[in-house]
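[1] Could you look at this predicted model? Sequence included:
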Amino acid sequence: MKHNSLILIGVAATLLAACGEQPQTITAKPGQSAAKADDKPFGAGTQYADRASWERQLRARADNQNEYKRVN
């Protein structure tokens with residue numbers, strides 16, 4: 001009997017937890033984007049000083065993931 005009551009309590013807790021969904025509303029004003037502007041991956045305050053070094057690193061990473069270049 002204890003086993004059945006524990007299962008019932010677990011099911012009830014799961015069902016009650018599903019009732020806690022928060023409303024999903026947009027906080028942006030009309031005519032404005034709600035998205036946050038992205039920062040550049042290069043420049044002051046990043047590990048890449050300029051765009052050229054950032055692009056070199058991307059090409060090197062892509063070359064390392066290219067199976068044709070790695071095997072041959």
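    Noted; the coordinates are in hand.
[2] CA only for contacts and neighbour counts going forward, please
    OK.
[3] show me where pLDDT drops low in the protein?
    Along the chain, segments meeting pLDDT under 70 span 1.
[4] which stretches of it form helices?
    In the chain, the helices defined using DSSP state H lie at 2-17, 51-65, 67-71.
[5] Columns distance to Thr25 on top of these, output as TSV?
    Shown next, in TSV, are the helices of the chain (distance: least, C-alpha to C-alpha, whole Å):
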stretch	distance to Thr25
helix 2-17	21
helix 51-65	37
helix 67-71	45
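[6] State the number of residues packed around Asp50.
    Using other C-alpha atoms under 10 Å, Asp50 has 13 neighbouring residues.
[7] actually Thr27, sorry about that
    9.
[8] which non-adjacent residue is nearest it?
    Ala34 (6.8 Å; C-alpha to C-alpha, 6 or more residues apart in numbering).
[9] and Glu55, how far is that from Ala37?
    21 Å (C-alpha to C-alpha, to the nearest Å).
[10] Those two: which has the busier surroundings?
    Using other C-alpha under 10 Å as the criterion, Glu55 and Ala37 rank with Glu55 on top: 13 against 7.
[11] Distance of that one relative to Asn66?
    From Glu55 across to Asn66, the span is 16 Å (C-alpha to C-alpha).
[12] Can you get me a residue count around Trp54?
    What Trp54 shows, counting by other C-alpha under 10 Å, is a neighbour count of 16.
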